[in-house]
Every structure is written in C-alpha cells, then in structure tokens.
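Trainee: whatever this is, show me its structure:
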Amino acid sequence: MSDILVERRDEGIAVVTINRPERLNALTREAVAALNATLDGIAADPGCRAVILTGAGRGFCSGQDLAAANARKGDRASGVIEKLFWQEQFAGMGKRLRSMPQLVIAAVNGPAVGAGMAIALSADVRIATPSARFLVAAVRIGLSAGESGISYLLPRMIGIPRAFDILLTGRPIEAEEAERIGLVLRLAEPAALVDEAIGYARAVLANSPYSVAHSKKLMWENLDASFDAAIGAENRTQILATMTQDYAEATAAFVEKRPPRFEGR
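Mentor: Modelled structure (predicted):
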C-alpha cells in the first residue's frame, strides 16, 4: 500500500493524501521521501494548478512516526550526518509546498502534529474540520518548538504573542480557536471537507494561471522583504503580466462584458 496517494480531479486539481491511517498518518522516512518526490513531480506539471493535501482516516498527520524511529535505534543508531539529512528532508516538505507554483490547500481532517502541523502551515490556505487540532509539543519532551519552519510561519500567521504562548506551553490549538485567530480560513464538516477545498480551488483557478502563481510567489517572498524590495518585485511581476495573452483577453472580456477565457499564455 502506497504511503502517498494522488487523485487527479478535473480543472487541473490534484488531491494528495498521506495514507497511513492506522498510524494517524505519522511520517516514516519512507513516507517523507515519497511525499517529497510526489510534490516535485506535481510542481513540474504545467497541467496541474492546485493541490489539496489531506490525510486518510481520522487524522491529517501526527508528525514523525516515533515507533519507526525507536525501531531504528535498536537496529542501527543514526549518526549526526544521517540525522541532519533526514531533518532536512522533513523540513523540505514545507519548503516544497511554499515554492511550488500551484495553489496549495491543506484540508485538515484531524490532528496536525509536529511536522504535520508544519506542512499544514506551509500550505497557502487551510480549511479544517471541527475535529482538527494543531499541536507542536516538542518543548514538553526536551526539544525546541522550532521544527520544519513552525517558528517562522506561526508568528507571521497569528502574531508574535499568540505564537509564543502556543510554542512555549506546547498546548494544542483546537479547530474553533484556529478559525477565530485566522490560522484556518474556515471549518467544514468531515464529509464535505475535500469538496469544500476543491470548490475553493476552483474559485481561485477561475483567475489566470500567471496571476495565481505569481501572486503566491510574491506573497511568500515579500514576507521578509523590505518595502522597497517588495515594491520592486511587484513592479517587475506586474509589467510581465501586462505582456501575457491572458491579460489581453481579460481586458477584452471586461470591455465586451463577458467572462474571460484564460489559456495560461
């Protein structure tokens, strides 16, 4: 059974499912490698414009599979070089989600813990069920709360004081709080979660491919840019946009009072 499932939907939408429900989709090294390879393949596919990332069963992703990690200790303990390599592979999941040109929506159907919380935060948008909860409890087991980009992403999403509270106490963010503080866009019932995410993706994909991909790129890159650097990046991107066929089509459609027909050119 594959650890990662990919279902292609219409309109260039791919549903990617972490498929280890018996372990609440906990991540082994093999599952991480499979997810990274899957994301690399999708990122290079011009026919795919949106990714819905979710988990099988009742959980989104419960982080590293500690049972698998402990089994390795009994077999052959990893050295520091090997440990760092796999730490970078775990962190690489979120880096891929942020950098891929496709819209990424995390459909959080249950607990998102540790690295699972990190990949949810690395998505462009999060939609969750009422049973979803976000948790990074590393501080409770002698580790730092800085894992796979969480210490970078969380304060930018919910503000510094809230992020300090959550990361230093190790308390969970329940679904209702996550919606209230803006960590998730909205809540949806479990049976409707993926369809809700697909519906949202379709609304975004009604816009031109260039506009969506480059708006995403600007948003992520300008989180750390100076104001002048952000303006410079926006200016270059905007002028390139005016040279696309889709922009010409959009302006013609506006004048003619009809929906635009975008072709990604």
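Trainee: in which helix or strand does R126 reside?
Mentor: Following DSSP states H and E, one finds R126 within strand 125-128.
Trainee: partners of that strand in the sheet?
Mentor: According to DSSP bridges, strand 125-128 forms sheet pairs with strand 103-108 (parallel), strand 186-187 (parallel).
Trainee: let's see stretch 124-141 as PDB, backbone CA atoms only.
Mentor: Taking C-alpha atoms only, stretch 124-141 is exported to PDB below (Å, rounded to 0.1, in the frame of the first residue of the first chain):
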ATOM      1  CA  ASP A 124      -1.300  28.700   1.100                       C
ATOM      2  CA  VAL A 125      -4.800  28.100   2.600                       C
ATOM      3  CA  ARG A 126      -6.100  25.900   5.400                       C
ATOM      4  CA  ILE A 127      -9.700  24.500   5.600                       C
ATOM      5  CA  ALA A 128     -10.300  22.200   8.600                       C
ATOM      6  CA  THR A 129     -13.000  20.100  10.200                       C
ATOM      7  CA  PRO A 130     -14.200  20.700  13.800                       C
ATOM      8  CA  SER A 131     -12.100  17.800  15.000                       C
ATOM      9  CA  ALA A 132      -8.900  19.300  13.700                       C
ATOM     10  CA  ARG A 133      -6.200  20.400  16.200                       C
ATOM     11  CA  PHE A 134      -2.800  21.800  15.700                       C
ATOM     12  CA  LEU A 135      -0.100  20.800  18.100                       C
ATOM     13  CA  VAL A 136       3.700  21.200  18.500                       C
ATOM     14  CA  ALA A 137       4.600  19.800  21.900                       C
ATOM     15  CA  ALA A 138       8.300  19.400  21.300                       C
ATOM     16  CA  VAL A 139       9.000  21.700  24.300                       C
ATOM     17  CA  ARG A 140       7.400  19.100  26.600                       C
ATOM     18  CA  ILE A 141       9.900  16.400  25.600                       C
END
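Trainee: ok, and for it, which residues are buried?
Mentor: Neighbour-count burial for stretch 124-141, counted by 16 or more other Cβ atoms under 10 Å, picks out 124-129, 131-138. Bear in mind the C-beta positions are built from the backbone N, C-alpha and C, glycine included.
Trainee: over to stretch 84-100?
Mentor: W86, F90, A91, G92, M93, G94, R96, L97, R98, M100.
Trainee: wait, a helix at the second one?
Mentor: Yes. Secondary structure assignment (DSSP: H, G, I helix; E, B strand; the rest coil) places F90 inside a helix.
Trainee: contacts for the strand holding R126, please.
Mentor: Identification of contacts with strand 125-128 by Cβ atoms under 8 Å, 6 or more residues apart in numbering yields 103-109, 120, 175, 178-179, 183-188, 193, 196-197, 200.
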